[in-house]
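Asks: model this:
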Amino acid sequence: MTEQAMYILASLARGECHGYGIARDAEELSGGRIRLTAGTLYGALGRLSDEGLVEPAGERDVQGRRRRYYRLTAAGELALAEEVERLRSTAAALGARLPSTRTAPGPA
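Replies: Sure, this is the predicted structure:
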C-alpha cells in the first residue's frame with residue numbers, strides 16, 4: 001500500500017469526507033509529508049474505489065460548491081488495520097536492533 005493511500009484511508013476512518021477535507025487531513029496527519037494535489041488525490045481515490053476500499057458517499061452543496069464525499073468500506077477498514085499492524089511489526093523489528101544505551105560518538 002502506498003503511503004498516500006494509507007493516509008487517505010486513515011482520513012476516511014474518521015468518517016465520510018470530501019476530497020479537499022481528505023487532502024487537508026492527510027497533510028495534517030502526516031506532519032506535512034503528504035501533500036495531495038487534486039490529480040493525485042482523485043487518481044488515488046479512483047484506484048482505492050476500484051479495489052473496493054472506498055466508495056462514493058454522494059454529493060452535497062457546501063457554501064455554494066458541490067462536493068463529492070467518500071467513505072471507507074469494510075474492506076478498506078480491514079486493509080488499513082492490516083497496514084497499521086504491518087507498520088507496528090516493522091517498527092518493532094527495527095527498534096529491536098537499536099542498542100539499548102546510546103552514547104554520543106567521540107571525536108574523530
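Asks: Could you use CA atoms for every contact and neighbour count after this?
Replies: Will do.
Asks: Pull the contacting residues for the closest residue to Arg71 other than its chain neighbours.
Replies: The spatial neighbour of Arg71 that comes closest, neighbours along the chain excluded (CA to CA, 6 or more residues apart in numbering), is Glu16 at 4.6 Å. For Glu16, the residues meeting the contact criterion (CA atoms under 8 Å, 6 or more residues apart in numbering) are 57, 69-72.
Asks: The same query, at a cut-off of 10 Å, please.
Replies: 22, 54-58, 69-72 (CA atoms under 10 Å, 6 or more residues apart in numbering).
Asks: Repeat that for Arg24.
Replies: Arg24 sits next to 11, 32, 34-36 when contact means CA under 10 Å, 6+ apart.
Asks: for this structure, which helix is longest?
Replies: In the chain, with assignment by DSSP state H, the single longest helix is helix 74-95.
Asks: residues contacting Arg14?
Replies: 25, 71-72.
Asks: now Glu51
Replies: 45, 75-76.
Asks: the strands in this structure, which residues?
Replies: Counting by DSSP state E, the chain has strands at residues 17-18, 54-62, 65-72.
Asks: want to throw those strands into TSV with mean neighbour count and mean pLDDT?
Replies: Supplementary listing: the strands of the chain in TSV, determined by neighbours: other CA atoms under 10 Å; pLDDT from 0 to 100:
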stretch	mean neighbour count	mean pLDDT
strand 17-18	20	95
strand 54-62	14	91
strand 65-72	18	93
